[in-house]
Structure formats: structure tokens, C-alpha cells
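[1] Coordinates for the following, if possible.
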Amino acid sequence: MSIIAGNGINYGIMYMARYLEARRDGSSVEEAILVAHRDSWVPTLASAATAMLAYGSLVFTDFRGFKHFGVIGSYGMILCWACAYLFAPAILAATERVWPAFREGKKEDNKGVYGLLFARLAMNYPRLITAGGAALAVVSLGMTARYFSADPMEYDMTNIRNERRDKTAAGELSKKVDRVVGQIGQDGLAIMTERLDQVPALEAELNRRRAAAPADKAPFDRVVTIFSLLPSRQEEKLPLLEEMLDKIQRSRKRGFIPDKDWAELEPHLPSGELRALTIEDLPAQVVRPFLEKDGTRGRIVYISPAKGFSVWDAHYLMRWADSFRSTTLPNGEVIKGSGQAVIFADMIKTIGEDAPKAILVAALGSILVIVVAFRGKIHALGVFLPWLVGVASLVAFLQYRGIKLNFLNFVALPITIGIGAEYAHNLMQRYRIEGDRNLYRVVVETGGAVILCALTTTIGYLALLGSINKGIVSFGLSAAVGEITCILAAVLMLPAFLFWRAGQRKKQGKVFEGEAHFVPEARPSAQG
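    This is a model prediction of the structure:
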């Protein structure tokens, strides 16, 4: 919800920026509202659509958590846009009577504060920045190809777990428990059967799988059941025990065992008929790992990871999970296994299969929205190129830092693809209206507004860097870098190119005048 709030406020910011600009130009409240609506509704609606597609692309994944995130994000973006354009005009008309946003003669010290620096850089160094942007694009596209040509998935699960920054009692206790119980206690997982008679068959089938696997591809170490606590081959051992007991008793009768030794030995001799032990004879403390809340014993089966392999290695984790996720017994019954190994393995597989689909849907959807918004005109390239540079620069950063995709940070890619087109889109739509003569003002005013939009979102992502979870940190860093690369491409590289092109046209005696708009004459305002 915090991410949606950070992105959803952008539409109100763009509307208010254009409104305040119109008020500073001397327009009345009614005129300024008309101008703000006229100049911002198309780019912000297109931005909302691309953002909706960015989140909505997650609906095409098989993991339910991502689906829900996609649904919430998609609805959130459109609702934020609708609320901004439904209620902002009425709120402005009402509040202007009490607290005017602009007063005649009042100096606006903060005018263009966010976009001023970028406008001056782009205007003074257009060729240098354009050339630098082109070089960055080539390098970033090359690194992007290299990133995806190799497997971009994260298989070292230690890079997404919680980072222990200080020693804790729980952490120190966990280390001691590791030394005592080993993997079966700390990393072992439980499989639940429906009936006790299924346990021996499940154990036999799992052991068969282990024996069939190559030595260097062992799926697990051993299987532990409640029957593992009972002596093996009891029926064969009972006659031997009876013979031993008979010899001990005859030795006592003949005086071969002194009274002192007999006093120590007798409490340990069975008083009744010998029989095979069952799970009901096992002490409560021994069977506690196999005891259910209702008192049922033995339906739990434990499986421990293979020695020499780490459960934090996703390659092994998936092999281990596949070894027990579904087991068919000889009678045709199927035992399903679960636990963190199966869940994490499924999430990793889901990302590998669904991430390309989500990225492709977000990219194609964004391209379609941009083409429609510009009605197929050449100005759409002013959105495509900065958008491509921004996204490619993000992937280049991931390649440079060695950051792999995991089930937390991969969402940053479709989000950047959708949200990243928003900034260049707003600026190009305003440039399309104003033309070359007002280009500096477009960068200062509209560029400043989109920078503010990016700041609100980037700050939210940067806050995630304080998390103790490495996966969340990688998501926050990736998403923040995506915001920064896209905003720099939109408010620095794009304006520099537009200034350079405007200079070229001026030398040729041509000027792009922009598309004229008719603004209806406003009625007298309530303020007179």
C-alpha cells in the first residue's frame, strides 16, 4: 500500500503543478483549472495506464501473492488518477476562496526549484549530454544483453535472508542446537501422513528414491519415523532374550551370582512374558517429536537434507523439495509434502517462469499506451528512447553490482518499466503543446513536477534499505535506482536532445511551434 500511495500521488502533483503555473501566469481560478485539466489529463492518464499495466503484469504469474499485489496495484493506480481529476477541481475552487494559492504581487521564490538545475544543464550542454546519453544507452544495452544471456536468477539464498547485525540470544542458541541435533533438528522437515500404516510404505519409497539417485546428487540424508526408535528384527531377537533370561535365573539359583550383584541386576530383568515393543511402549519424552496435539503417535515422518549440501543453495533446495513433495505409495495413495523447502523452491521456479511474462506484458502494454496517447506521431519516440535508456541503465546497474533476481526484487523490473515511462511521457506531452520557444519553461515547470513525483517514490524505496532482510534491501535498492535512471533520462537526456534539435531547427529557420489549444473564456470568478 505504501508503494501505491507513493506512485498514486504523482497525478495530483502534476495537476497542481500545471494549475499553479497557470495561476502565476495571471489566469483566474476557473481558467487555471481548465488549463491544468487540458494539459495534464492525457499524460497522467497514460501514466496511470502504464503503471496499471506494470502492476497488472504480475497477475499473469502463478504465485498468488504476486497476483494479489498486481490486482491491488492496478486498481490503486486508476483509482488514484480518477480521484485526482474528480475531486481536485472542486477542492481548488473551494479552498481558493479561503486560502488562495497565488496572490498578486507575491514573489514566488520556489518557482521551478526542482527542475531549474536540469533545465540549465540541458540548455547549456545539449550536445555533450546527448552524446553522453547515447554512449550510456549503448553500454547499458550491452550489459543488459549480457545480464539476461546468463541465468539472472539468485540461487544463493543467504543473499535474501535476514542479516544478523548484532549477536542475539536466539542466534547463539541456534548455533548450539546445530552442534547437538545437526541438520535433522534445525533443517529437517516433517511430512504428515493420514494413517499410521502409511508410514512404513512412505519410508520405503523415500529410501528407494535416495538409493536410486547418483552419489553426488543425493536428494536427502535419511528418513526418520517413530519406528526408527524401535529395535529392528524384534521377532528374531525374542528367543535369544528368553534364552539369556533363563541362563541368568539358573545362574542365580546355583549361586553363581552374589547377592550384591543380584540386587543391582534384578530391577532390570523383565518380570513377565517377553513380547515385541510397540510405539505405545515408548516413553513420552522420546516420542514427543512424533506426538500430535490430540495424542496421536507416529503419523509424522521427518526427512533431513543431504550431508555436504546447504539448504541455502537453491539448486539443492529444489532437488530436495522435488524428492518428497509428492510420493505415490504401492497402493496408489499419494502423500504430499510441504514446508519451507517446497515453498521456496516453488517461488524460485515461479520467478524463473513468470518473470519474463510479467516483463513482456509490462513492456508491450506500455508501448501500446504511449503509441495511442501520441496518436502514432513521432513525438512518441521522445518517450520510448528515455524509457529504454532508464530501464537498460537499471539492468546495467544490476549487472555491475552482481545483483541477481529473487522473489522479492524481480518486481522492480516490471514496475520500473511501467512507472519509468511516466516521467518522459508527461514532459513530452507538455513539449508537444508548448513547442521549442517554451522548452526551457517546460523543463523547469513540468520537469520539476516529475522530479518531485520521482522523489516521493524514491524516498519510499530508499527507506527499505534499513531492513534487516537482504532481499527487501535488494528490492529497495533496485527500485530506487530504476526511479533515478528513468528520471535522469527524462529530465536531463531528453531535454538536452530537444534543446539540441531546437538549435538545429533554428539554424535552418524552422521552429516547432507546438500544437495550439483553444481555452474557453472563463466566467468571472467568485473572487472578482
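
[2] Every contact and neighbour count from this point should use C-alpha atoms.
    Fine.

[3] Please work out how many residues are found near Arg208.
    Residues lying near Arg208 (other CA atoms under 10 Å) number 11.

[4] ok, now Ser149?
    9.

[5] buried set for stretch 128-136?
    Neighbour counts over stretch 128-136 (16 or more other CA atoms under 10 Å) mark Leu128, Ile129, Thr130, Gly133, Leu136 as buried.

[6] if I've got this straight, the second one is in a helix?
    Yes - with DSSP: H, G, I helix; E, B strand; the rest coil as the criterion, Ile129 is located in a helix.

[7] So it is in contact with Arg120, correct?
    No - assessed by CA atoms under 8 Å, Ile129 is found out of contact with Arg120, at 11.8 Å.

[8] Output the buried residues of stretch 128-136 in CSV; the columns should cover distance to Thr446 and pLDDT.
    Listed next are the buried residues of stretch 128-136 as CSV, based on distance: CA to CA, whole Å; pLDDT from 0 to 100:
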residue, distance to Thr446, pLDDT
Leu128, 23, 96
Ile129, 20, 96
Thr130, 20, 95
Gly133, 21, 93
Leu136, 24, 95
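
[9] Which stretches in the stretch 101-250 of the chain count as helices?
    Assigned by DSSP state H, counting those that start in this stretch, the stretch 101-250 of the chain shows helices spanning 116-124, 126-149, 169-186, 198-212, 234-253.

[10] Out of the ones you listed, which gets nearest to Ile419?
    Nearest to Ile419, of all the helices of the stretch 101-250 of the chain, is helix 126-149, at 18.8 Å by CA to CA.

[11] That closest one to helix 116-124, inter-axis angle?
    110 degrees (axes from the mean of the first three to the mean of the last three CA atoms, to 10 degrees).

[12] Which other helices and strands does the lengthiest helix in the chain contact?
    Longest helix of the chain, by residue count under DSSP state H: helix 340-373. In terms of contacts (3 or more CA pairs under 8 Å, 6 or more residues apart in numbering; DSSP states H and E), helix 340-373 is packed against helix 29-56, helix 314-324, helix 412-434.

[13] Who are the packing partners of the shortest one?
    Read that as helix 314-324. helix 198-212, helix 340-373.

[14] buried set for the longest one?
    Spelled out, it's helix 340-373. 341-342, 344-349, 351-352, 354-355, 357-363, 365-367, 369-371, 373.

[15] for that helix, what is the average pLDDT?
    Here helix 340-373 scores 85 as its mean pLDDT.

[16] Hey, what's the angle from it to helix 29-56? Just curious.
    Angle of helix 340-373 versus helix 29-56, following the same axes, to 10 degrees, is 140 degrees.

[17] Quick check: what element follows helix 340-373 along the chain?
    Next along the chain after helix 340-373, taking DSSP states H and E as the criterion, comes helix 381-401.

[18] Just the CA coordinates for that following helix, please, in PDB.
    The C-alpha trace of helix 381-401 is given here as PDB (Å, rounded to 0.1, in the frame of the first residue of the first chain):
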ATOM      1  CA  LEU A 381      10.000   8.400 -29.600                       C
ATOM      2  CA  GLY A 382      10.600  11.100 -27.000                       C
ATOM      3  CA  VAL A 383       9.100   8.700 -24.500                       C
ATOM      4  CA  PHE A 384      10.400   5.400 -25.900                       C
ATOM      5  CA  LEU A 385      14.100   6.400 -26.000                       C
ATOM      6  CA  PRO A 386      14.500   7.800 -22.400                       C
ATOM      7  CA  TRP A 387      12.300   5.000 -21.200                       C
ATOM      8  CA  LEU A 388      14.600   2.400 -22.800                       C
ATOM      9  CA  VAL A 389      17.700   4.100 -21.500                       C
ATOM     10  CA  GLY A 390      16.300   4.300 -18.000                       C
ATOM     11  CA  VAL A 391      15.300   0.600 -17.900                       C
ATOM     12  CA  ALA A 392      18.500  -0.600 -19.500                       C
ATOM     13  CA  SER A 393      20.600   1.500 -17.100                       C
ATOM     14  CA  LEU A 394      18.800  -0.200 -14.200                       C
ATOM     15  CA  VAL A 395      19.700  -3.700 -15.600                       C
ATOM     16  CA  ALA A 396      23.200  -2.500 -16.200                       C
ATOM     17  CA  PHE A 397      23.400  -1.500 -12.600                       C
ATOM     18  CA  LEU A 398      22.200  -4.900 -11.500                       C
ATOM     19  CA  GLN A 399      24.900  -6.500 -13.800                       C
ATOM     20  CA  TYR A 400      27.600  -4.200 -12.400                       C
ATOM     21  CA  ARG A 401      26.700  -4.800  -8.800                       C
END
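
[19] Show me what it is packed against.
    Applying 3+ CA pairs under 8 Å, 6+ apart, we find helix 381-401 packed against helix 126-149, helix 412-434, helix 470-488.

[20] now the shortest one and helix 116-124, what's the angle there?
    With the same axes, to 10 degrees as the basis, helix 470-488 and helix 116-124 are set at 50 degrees to each other.

[21] again with the second one
    Put simply, helix 412-434 runs at 70 degrees to helix 116-124, going by the same axes, to 10 degrees.

[22] Report the rounded mean pLDDT for helix 412-434.
    On average, helix 412-434 scores 86.

[23] Can you add distance to Leu269 and give the helices and strands packed on helix 381-401 back as a markdown table?
    Conversion of these to a markdown table gives the following (distance: least, CA to CA, whole Å):
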| stretch | distance to Leu269 |
| --- | --- |
| helix 126-149 | 71 |
| helix 412-434 | 70 |
| helix 470-488 | 59 |
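
[24] who wins for proximity to Leu189 among the ones you listed?
    helix 470-488 (23.4 Å).

[25] which outside residues touch the helix or strand just after that closest one?
    Remark: after helix 470-488, the chain's next helix or strand is helix 494-507, criterion DSSP H and E. With CA atoms under 8 Å, 6 or more residues apart in numbering as the contact definition, helix 494-507 has outside contacts at 119, 121-123, 125-127, 129-130, 382, 386, 424, 436, 439, 443, 511-512.
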